[in-house]
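> got a predicted structure here, sequence first:
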Amino acid sequence: MSALTLSTSSAATLRADAIVIGVAKGPKGPLVAPGAEAVDKAFDGKLATILETLGATGAEGETTKLPAPSGLKAPVVLAVGLGDAPEDEDFGHEALRRAAGSAARALAGVKKAGFALPVTDAGSASAIAEGALLGAYAFTPVDGSRKNEKADKGAPLADVVLVGAKPRDKAYKAAAERATVLTQEINRARDLVNLPPNDLTPKEFASVAQAAGKEHGLKVEVLDEKALLKGGFGGIMGVGQGSANPPRLVRIAYTHPKAEKTIALVGKGITYDSGGISLKPAGHNETMKCDMAGAAAVFGAVVAVARLGLRVNVTGWLALAENMPSGSATRPGDVLRMYGGKTCEVLNTDAEGRLVMGDALARASEENPDALLDVATLTGAMVLALGNRTFGVMGNDDAFRTSVYETAEEAGEQAWPMPLPAELRKAMDSPVADFANMGERMGGGLLAGIFLQEFVGEGIPWVHLDIAGPAYHESAPYGYTPKGGTGSSIRTLVRLAERTADGELG
Ligand code: BES
Ligand code: MN
Ligand code: ZN
């Protein structure tokens, strides 16, 4: 894990292996961004001209490496594009975050880099730190992982030094601490998503949660298959019963002695989604180890909130199962009795997420939280609707849904509100059960949300995040987003907990 420090040194005097500076896209060519003054001076004020000669434009994600002039202690200068230059020189947090991420990725294998990007306050410093620490990520093969060491492209950037931040200022110190904790938990969630599904079974995931609980003083309870059967968790059992790796339900709770509110978070944790008897065809199952990304996000968020000591209670529920076909698997046509007693006809065993989530939502509702959020890689339909980078935000309370959407935007995560049209419910009517787990194809992401709503306790404000698109990134890395697991929604969940702790939310 990369380390973060704040430095009082200038970009010229900092001893590092590289100095990162920002370049913006101006109307007449690249512009050197604020923060790089000392570096520009060492280049005799010709940095913009040199960059232009080298073909740099300042476009988002562009990186240009230069040998440093003698006035600098670092041997290399890395110029990173910030995108279009804002008129007031006020770069948005997300532009800073992405630029820092691109720079960190371009510096993989480097030991120590000073980031001399435009810092104006603790907020911008925090965004730069987050981007750098998220960009400095590489999947850390744990135990059984089989990557040939020789094929490894090298370690991520090890030391991130923020130049221009005030190390003795309380707000900056808090921002650095927050960025460190938040990015460590996001990177941990990415690792969990990237782990091969034969290494991360429901049981293994539960023991990872137990270990983290011990380390950070969280209460962790695990229901194994016997307890789930006895407890009436027909959804989780129904999905998990076809697998040699039995299911688990994990409750991981953080409490603050002075908390006034309790938030419950429920995460979909299908460690592998083969589709079950309604088997997915080849081409649709290669990335389905990512189907536990919701549970990984919930887990990461709860641990981050605990480490930050926020004044709010947060209870995480991880609904863990492996969806496999076998002689003991649920068949299309089976009826399951879900937690709480409602019955569900399983028409398609590949619509398994809503089954495990239904049980967990009903169980979480029993504790009557002030707010209930669930995170799930729930439907391909949401990916068709919103693409690969945006998660859908649905819910039973328009004001709360709007707050969550605004919180995502503030945290720098792409999200969009989606409706839950009531008329879709009747498509799930079943002649043999209270409802079926499938209805019509049109509006499939919304239909799944309406299914989940059946399990939300009366009067509890609830929001559902469908992260099927952004949870797993299959194409080339960009900004601070690597290939593979992304840690989608953790920043939103943690920011929401902070806002709740600060009394900003209902
Ligand atoms: N895990 C999938 C959804 C998914 C798709 C996640 C693509 C990430 C990327 C989910 O369990 C699923 O299979 N959903 C089906 C539901 C259908 C059978 C009603 C889908 O979306 O096709
Ligand atoms: Mn499925
Ligand atoms: Zn699934």
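Right, received. Where do you want to start? Ligands and ions are numbered 1, 2, ... in the order given.
> CA only for contacts and neighbour counts going forward, please
Noted.
> got the residues of the protein near ligand 1?
By the rule Cα under 6 Å from any ligand atom, the part of the chain lying against ligand 1 is 291, 348, 350-353, 377-381, 438, 468.
> if you set the cut-off to 5 Å instead, what comes out?
Applying Cα under 5 Å from any ligand atom, one finds that the chain approaches ligand 1 through D350, A351, T377, L378, T379, G380, A468.
> and the residue of the stretch 201-350 of the chain closest to ligand 2?
D350 (3.6 Å; Cα to the ion).
> for ligand 2, what are the nearby residues on the protein?
With Cα under 5 Å from the ion as the criterion, the chain meets ligand 2 at residues G275, D350, A351.
> output stretch 157-175 as CSV, nothing but the C-alphas.
The C-alpha trace of stretch 157-175 is given here as CSV (Å, rounded to 0.1, in the frame of the first residue of the first chain):
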residue,chain,number,x,y,z
LEU,A,157,4.3,4.1,-7.0
ALA,A,158,5.3,3.7,-3.3
ASP,A,159,5.4,7.2,-1.8
VAL,A,160,3.1,10.0,-2.6
VAL,A,161,4.2,13.4,-1.4
LEU,A,162,1.8,16.4,-1.6
VAL,A,163,3.5,19.6,-2.3
GLY,A,164,1.7,22.8,-1.5
ALA,A,165,-0.4,21.3,1.3
LYS,A,166,0.1,22.5,4.8
PRO,A,167,1.3,19.6,7.0
ARG,A,168,0.7,21.5,10.3
ASP,A,169,-2.8,22.7,9.4
LYS,A,170,-5.6,20.7,11.0
ALA,A,171,-7.8,20.6,7.9
TYR,A,172,-5.0,19.4,5.7
LYS,A,173,-4.0,16.7,8.2
ALA,A,174,-7.6,15.5,8.4
ALA,A,175,-7.8,15.4,4.6
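> residues making contact with it?
For stretch 157-175, the surrounding residues in contact (Cα atoms under 8 Å, 6 or more residues apart in numbering) are 1-11, 35, 104-105, 107-117, 119, 121-123, 125-126, 129, 132-133, 136.
> hmm, try it at 7 Å
Stretch 157-175 is touched from outside by 2-11, 35, 104, 107-116, 119, 122, 125-126, 136, with contacts defined as Cα atoms under 7 Å, 6 or more residues apart in numbering.
> cool, and stretch 416-435?
So stretch 416-435 is in contact with 335, 342-345, 390-394, 405, 436-440, 446-447, 449-450, going by Cα under 7 Å, 6+ apart.
> those in helices, which ones?
Judged by DSSP state H, the contacts of stretch 416-435 include Y405, L446, L447, G449, I450 as members of helices.
> neighbours of the third one, how many?
Other residues lying near L447 total 28 when counted by other Cα atoms under 10 Å.
> measure it to T120 for me?
45 Å (Cα to Cα, to the nearest Å).
> cool, the second one as well?
As for L446, its distance to T120 is 41 Å (criterion: Cα to Cα).
> out of the two, which sits in the more crowded spot?
Remark: of L446 and T120, L446 carries more neighbours, 24 against 14, as counted by other Cα under 10 Å.
> show me the residues around that one that make contact.
Here L446 is in contact with P419, L420 (Cα under 7 Å, 6+ apart).
> rerun at 10 Å
Neighbouring residues of L446 by Cα atoms under 10 Å, 6 or more residues apart in numbering: 379, 381-382, 392-394, 418-422, 424-425, 452, 466.
> now do it, the pLDDT please.
pLDDT for L446: 98.
> how far away is it from ligand 1?
Distance of L446 to ligand 1, given as Cα to the nearest ligand atom, to the nearest Å: 11 Å.
> again with T315
To ligand 1, T315 is 24 Å away according to Cα to the nearest ligand atom.
> check R15 too.
Applying Cα to the nearest ligand atom, the value for R15 to ligand 1 is 44 Å.
> kindly report the same for L308.
30 Å.
> hang on, the earlier thing: among the residues of the chain next to ligand 2, which ones are in helices?
Among those, no member lies in helices (by DSSP H).
> just the buried members of the residues you listed?
Buried members of those, scored by 16 or more other Cα atoms under 10 Å, are G275, D350, A351.
> from D350, how far off is the first one?
Applying Cα to Cα, one obtains 4 Å for the distance of G275 from D350.
> and the helices in the stretch 51-200 of the chain?
With DSSP state H, counting those that start in this stretch, the ranges of helices along the stretch 51-200 of the chain come out as 93-106, 122-135, 170-194.
> still on that earlier bit, closest one of the residues of the chain next to ligand 1 to Q241?
For these, the residue nearest Q241 by Cα to Cα is D350; the value is 13.8 Å.
> ok, now which ones touch the closest one?
239, 273-280, 323-324, 332, 379, 437-438.
> which one of the residues you listed is nearest ligand 1?
Minimum distance to ligand 1 across these is 3.5 Å, recorded for T379 (Cα to the nearest ligand atom).
> right, and that closest one touches P470 too?
No: using Cα atoms under 10 Å, T379 makes no contact with P470, being 12.0 Å away.
> on that earlier part again, filter the contacts of stretch 416-435 down to the buried ones.
The neighbour count (16+ other Cα under 10 Å) marks 335, 342-345, 390-394, 405, 436-439, 446-447, 449-450 as buried among the contacts of stretch 416-435.
> can I see the domain layout of the chain?
Following automatic domain parsing, one finds the domains of the chain at 3-163, 188-501.
> adding distance to K170 as columns, could you present the ones you listed in JSON lines?
Below are the domains of the chain laid out as JSON lines (distance: least, Cα to Cα, whole Å):
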{"stretch": "domain 3-163", "distance to K170": "9"}
{"stretch": "domain 188-501", "distance to K170": "15"}
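> how about the strands in the stretch 301-450 of the chain?
Chain-ordered strands for the stretch 301-450 of the chain, with DSSP state E, counting those that start in this stretch as the definition, fall at 313-323, 335-337, 343-345, 371-376, 391-395, 415-417, 435-436.
> tell me which of those strands sits most buried.
Mean neighbours per residue, mean count of other Cα atoms under 10 Å, is largest over the strands of the stretch 301-450 of the chain for strand 313-323, with a mean of 30.
> show the average pLDDT along that one.
99.
> just stretch 56-69 next, same as before
Stretch 56-69 shows a mean pLDDT of 98.
> tell me the buried residues in it?
By neighbour count on 16+ other Cα under 10 Å, the buried set for stretch 56-69 is 56-66, 68-69.
> so which of those belong to strands?
T63, T64, K65, L66 (DSSP state E).
> from ligand 1, how far out is the third one?
For K65, the distance to ligand 1 equals 37 Å [Cα to the nearest ligand atom].
> that residue is in contact with V20, isn't it?
Yes: using Cα under 10 Å, K65 is in contact with V20, at 9.3 Å.
> what sits in contact with each of these two?
V76, V77, L78, A79, V80, L107.
> what about the fifth one, neighbour count?
Using other Cα under 10 Å, the number of residues around V80 comes to 33.
> what of the second one?
The local packing count at V77 equals 21, with neighbours defined by other Cα under 10 Å.
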